[in-house]
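K.L.:
Structure of the sequence below:
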Amino acid sequence: MPSPFMAAFILGALLPTGASARGYTSSSLCGDYARLDIATPPGLCVALLADEAQGLRAPRRILEVSPNRYWVIDMGSWEPDRGRLLE
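P.N.:
I've put the predicted structure just below:
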């Protein structure tokens, strides 16, 4: 289960602080990642991990397998055999 600072996954490998994608802008850090200006409950934040610049087309799940190590399941498209597992 992702740690609290990674409470959500926004579409989109890792972008530096100050990164923006599809109109989202970074306001600070969410752990080691660029925090996005999206309202969240107290103690949680949303960070941008990756976007289409890294080749994601249809990401469906993110799993933190160890501290600062994540797996992303990307369907790729609705066509068979296009999916992949990214680390």
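K.L.:
Need the residue closest to the centroid of the protein.
P.N.:
Among the residues of the chain, the one closest to the centroid is residue 49, at 3.3 Å (C-alpha atoms, centre = their mean).
K.L.:
how near is that one to residue 80?
P.N.:
Separation of residue 49 from residue 80 (C-beta to C-beta, to the nearest Å): 26 Å. To be clear about C-beta, it is placed using only N, CA and C from the backbone, and glycine gets the same treatment.
K.L.:
for residue 68, same thing?
P.N.:
With distances defined as C-beta to C-beta, the gap from residue 68 to residue 80 amounts to 33 Å.
K.L.:
who has more neighbours, those two?
P.N.:
residue 68 (11 against 7; other C-beta atoms under 10 Å).
K.L.:
ok, for that one, nearest residue in space, not its chain neighbours?
P.N.:
With C-beta to C-beta, 6 or more residues apart in numbering as the criterion, residue 68 has its nearest non-adjacent residue at 6.6 Å, and that residue is residue 32.
K.L.:
Brilliant, that's me finished.
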